[in-house]
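K.L.:
generate a structure from the sequence data that follows.
(3 chains)
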Amino acid sequence: MSVGIDNFLIVGAILFCIGLFVALSKRNAIGVLMGVELMLNAVNLTLLTFSRFGAGPHAIAGQTFVTFVITVAAAEASVALALTVSVYRNRDTVDVDRINLLKS
Amino acid sequence: MDGVAVTLSFWILAAVTLVAAAGVVLARNLLHAVLLLILSFVGIAGFFLLLSAEFLAMAQVIIYVGAVAVLVLFAILLTPHAGRDNGETRMAAPALLLSLCLLAVLCFVIQDTAWPLATGGGPGLSAADLGEALLTTWVLPFEVASVLLTAALVGAIMLARTPQDEAEDALA
Amino acid sequence: MAFFLATNNWYDFRDLSNISRVILEGAGNILPHGIVYVLAPLIGFVASFLIFVLPSQLYVGVLGERKIIGRIQSRYGPNRVGMFGVLQPIADAIKLLSKEALTPKGADKAVMWIAPVVFVMPAVMLFAVIPFGPRMIIADIPNSLLYFLALSSIPVLATFMSGWSHNNKYSLFGAIRIVAMTVSFEVPLVLALLGVVLFTQTASLQGIVGFQRTTHIWLIVLQPLAFALYFICVSAELNRTPTDIAEAESEIVAGYLTEYSGMKWGLFYGMDIGYALAAAAFASTVFLGGWSFFGLDHWVPPWLIIVAKTHAFYFLFIWTRGSLPRLRSDQLMVFCWKYLLPVALINLAIVATERMVWIQNDLSTNVVYVFAVVNLALAAAIVVAWARFVGYKPEDTPSQPRFVRDARGYVPVGDAAALVQPSGAPKGKGS
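P.N.:
The predicted structure follows:
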């Protein structure tokens, strides 16, 4: 009964693909943001798996990288949500199909 | 990693996280989708604990569950007339195809590669090691990240102002 | 731990971990491998929560709080049920269990059911890391302080879920106000605790108690500003007056608890007290010395010491609740972002400087007494100086009754002056 590096990596891969599907297919802009956050979490999981299991002298680099990913994800979520609220105030919708002023 | 406890907790965490992520796709109500997203964040924090990254597990809960999720809920609150359903666009079928193909490729790569594993079960890293790395080897990205956070803070405030807020500030 | 007099016999009540260790070893011999992992936290839960916390919660939190607040307000507390009201918590529990649990039409039943469960979770989980003695701790993790901070983010979600799911405008208002307030007050809390970690060099609660024991000084004396910040921020996180805009009974019916009845409300109310006790136990460990008392813990069982300190800290909560009026939502936000956060940053700068001085000059640990005196003086100075800097002038806020015009209030002129009596109250039907 043991758990190896493959198990963690496959969980990370499945999470990433679910996040990709959510980010590409949701109609609500906030739904798209939720998909992006899922993808970033899957990446964090993969990075930490390699930090924990992988050979190499810089195992701490994995944890450092995850710190920066969490930081950047938090910053990006706040700006994205501020943008969503601003778009809502001007267009009264957050439906990504209807925010298409640049469409020819 | 051997042992009944580790294996059992891995499978339980995997089930919880993946079912919650699937719930984000399938939930009909946007609020339920956000709550299931929060559950998947907590599951990921559990995975971080399994991978001996305790500081990052706590940071994940504090930042993602405590702040990012609250931000998402506030954005939903501040957009009251937008639809609260969690439906998909016309691109759902191609997106599904793309996700499945990517999953197939990733799983094949994971299964097929002989990852070079650390002997002896890997190093025992603590928060002190992470702190030292962040302030010695990786100090430049650390400082840039703090500038990034300040810029995001100011930017989010400026973007989310109503014209009434701007008028009040112009008068003051 | 050489001076700790408790032996390893199971009947030595000075160290209650003997009992759990004997039970777990016996279980490990009898039951199949792996069940011990499930049994250990159960024993821990029974020991810490059901023995230490639940009686405190019922008797100190429900009965004691109401009687003390009653005395502060010149009235008796509950004294009808049983002699001096002793059976009041039991009567409350029976009443709540027998009430009908309504769910309003249009409310989100699943979320409404889950919100009390999520609210109970942090209060109970926090007791897993609090050290009740040198060996009496359920989970001695190296990051207990961060664990507390992580758990304090979860009631925010629970209150938001409950406020949203009621399909009621008052609940939603309560939920919005409380989420904004709680999230804002977490920032000075984290900064204050960061200053503590700088000195103790460890984030584990057992290590912090060890630091206070070996240097013979309590962190409340060494970092009084951090303690004050912790107290204010934690009472905001717990929605206790003066910051209880979430459940302001006179303003928004009952805020996020409006549509809860019966035991669901009882869970929220009970865990309000339970979470306050957990925060008090955490403060007793970090700031008041935990299970150590300058050597008294040789004779008195250490778990009694920490329980006494927890109740003393909880009395501080009760005292402020009975004495202070409620602050408005915008006053709270201004207080947090313009006053508490800069003071927390200044505190962090001072603590970091002291730590640098300590390390670089390689001083002995007796220098903490010097730091304690310096910090006490600086704390008083900063509190007053920053308040002046932000613009608070005590001469503007009257503490005695005065004429409205002397307190720079509204003084009507012209026709409106005829309508107003000299004391500032309007003439007319009511007076």
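K.L.:
switch to C-alpha atoms for all contacts and neighbour counts from now on
P.N.:
Noted.
K.L.:
and C:Phe132, that's in a helix?
P.N.:
No. Under DSSP: H, G, I helix; E, B strand; the rest coil, C:Phe132 falls outside any helix and is assigned coil.
K.L.:
spatially nearest residue to C:Ala280, not counting backbone neighbours?
P.N.:
Once flanking residues are discounted, C:Ala280 sits nearest to C:Thr310: 5.2 Å by Cα to Cα, 6 or more residues apart in numbering or on different chains.
K.L.:
now the helix or strand where that neighbour lies: buried residues?
P.N.:
Assigned by DSSP states H and E, C:Thr310 belongs to helix C:302-323. Neighbour counts over helix C:302-323 (16 or more other Cα atoms under 10 Å in any protein chain shown) mark C:302-307, C:309-311, C:313-315, C:317-319, C:321-322 as buried.
K.L.:
elements contacting the helix or strand following it?
P.N.:
For helix C:302-323, the succeeding helix or strand toward the C-terminus, using DSSP H and E, is helix C:329-334. Under the contact criterion of 3 or more Cα pairs under 8 Å, 6 or more residues apart in numbering or on different chains; DSSP states H and E, helix C:329-334 touches helix C:169-200.
K.L.:
what residues sit buried inside the helix it packs on?
P.N.:
Buried residues in helix C:169-200 (16+ other Cα under 10 Å): C:170-179, C:181-200.
K.L.:
how is chain B divided into domains?
P.N.:
Here the domain parsing of chain B from automatic domain parsing is B:1-110, B:124-172.
K.L.:
of those domains, which is nearest chain C?
P.N.:
Closest approach to chain C among those (Cα to the nearest Cα): domain B:1-110, 4.8 Å.
K.L.:
among the domains of chain B, show me which one is buried the most.
P.N.:
domain B:1-110 (a mean of 19; mean count of other Cα atoms under 10 Å in any protein chain shown).
K.L.:
which SSE is A:Val43 in?
P.N.:
In the assignment (DSSP H and E), A:Val43 maps to helix A:29-53.
K.L.:
oops, could you answer that again for C:Ala278 instead?
P.N.:
In this assignment (DSSP H and E), C:Ala278 forms part of helix C:263-286.
K.L.:
now do that helix: which elements does it pack against?
P.N.:
When contacts are defined as 3+ Cα pairs under 8 Å, 6+ apart, helix C:263-286 sits against helix C:88-97, helix C:109-126, helix C:205-214, helix C:302-323.
K.L.:
could I get these as TSV with mean pLDDT?
P.N.:
Formatted as TSV, the entries for the helices and strands packed on helix C:263-286 read as follows, by pLDDT from 0 to 100:
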stretch	mean pLDDT
helix C:88-97	86
helix C:109-126	87
helix C:205-214	91
helix C:302-323	90
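K.L.:
turn those into a markdown table, including distance to C:Met136.
P.N.:
As requested, the helices and strands packed on helix C:263-286 are arranged in a markdown table below (distance: least, Cα to Cα, whole Å):
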| stretch | distance to C:Met136 |
| --- | --- |
| helix C:88-97 | 29 |
| helix C:109-126 | 14 |
| helix C:205-214 | 10 |
| helix C:302-323 | 8 |
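K.L.:
between those helices, which one is nearest to B:Thr150?
P.N.:
Nearest to B:Thr150, of all the helices and strands packed on helix C:263-286, is helix C:109-126, at 30.9 Å by Cα to Cα.
K.L.:
what helices or strands is the following helix or strand past the closest one leaning on?
P.N.:
For helix C:109-126, the following helix or strand on the C-terminal side (DSSP H and E) is helix C:144-151. When contacts are defined as 3+ Cα pairs under 8 Å, 6+ apart, helix C:144-151 packs onto helix B:54-60, helix C:109-126.
K.L.:
now the longest one against helix C:263-286, angle please.
P.N.:
Direction vectors for helix C:109-126 and helix C:263-286, defined by axes from the mean of the first three to the mean of the last three Cα atoms, to 10 degrees, enclose an angle of 30 degrees.
K.L.:
so C:Leu376 makes contact with C:Ile220?
P.N.:
No. Under the criterion of Cα atoms under 8 Å, C:Leu376 makes no contact with C:Ile220, lying 9.6 Å away.
K.L.:
which one's more surrounded, these two?
P.N.:
Per other Cα atoms under 10 Å in any protein chain shown, whichever of C:Leu376 and C:Ile220 has more neighbours is C:Ile220, with 20 against 16.
K.L.:
count of residues packed around the closest residue to that one other than its chain neighbours?
P.N.:
Using Cα to Cα, 6+ apart and skipping residues adjacent in sequence, the residue nearest C:Ile220 is C:Phe287, 4.8 Å away. Using other Cα under 10 Å, C:Phe287 has 24 neighbouring residues.
K.L.:
thinking C:Phe287 is in contact with C:Leu219, fair?
P.N.:
Yes. Between C:Phe287 and C:Leu219 there is a contact under Cα under 8 Å: 4.6 Å.
K.L.:
between these two, what contacts are shared?
P.N.:
Taking Cα atoms under 8 Å, 6 or more residues apart in numbering or on different chains as the contact rule, C:Phe287 and C:Leu219 have no neighbour in common.
K.L.:
so where is chain A shaky, pLDDT-wise?
P.N.:
A:104 (pLDDT under 70).
K.L.:
again, only this time at 80
P.N.:
Chain A contains residues with pLDDT under 80 at A:1, A:55-57, A:101-104.
K.L.:
coming back round to it: mind checking which of the helices and strands packed on helix C:263-286 is nearest C:Met271?
P.N.:
helix C:109-126 (5.8 Å).
K.L.:
other SSEs contacting that closest one?
P.N.:
helix C:144-151, helix C:154-165, helix C:263-286.
K.L.:
could you dump those helices to a markdown table with mean pLDDT and mean neighbour count?
P.N.:
Shown next, in a markdown table, are these (pLDDT from 0 to 100; neighbours: other Cα atoms under 10 Å in any protein chain shown):
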| stretch | mean pLDDT | mean neighbour count |
| --- | --- | --- |
| helix C:144-151 | 93 | 22 |
| helix C:154-165 | 86 | 25 |
| helix C:263-286 | 88 | 23 |
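K.L.:
turn those into CSV, columns for distance to A:Arg91.
P.N.:
Supplementary listing: the helices and strands packed on helix C:109-126 in CSV, determined by distance: least, Cα to Cα, whole Å:
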stretch, distance to A:Arg91
helix C:144-151, 37
helix C:154-165, 25
helix C:263-286, 40
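K.L.:
tally of neighbours for the closest residue to C:Pro131 other than its chain neighbours?
P.N.:
Closest residue to C:Pro131 apart from its sequence neighbours, by Cα to Cα, 6+ apart: C:Ile137 at 4.6 Å. Residue neighbour count, defined by other Cα under 10 Å, stands at 20 for C:Ile137.
K.L.:
re earlier: for the helix holding A:Val43, packing partners?
P.N.:
helix A:5-25, helix A:60-91, helix B:30-50, helix B:69-77.
K.L.:
out of the ones you listed, nearest to B:Asp129?
P.N.:
helix A:60-91 (7.3 Å).
K.L.:
and C:Glu399, how many neighbours does it have?
P.N.:
Let me fix one detail, which is that residue C:399 is Ser and not Glu. C:Ser399 has 9 nearby residues by other Cα under 10 Å.
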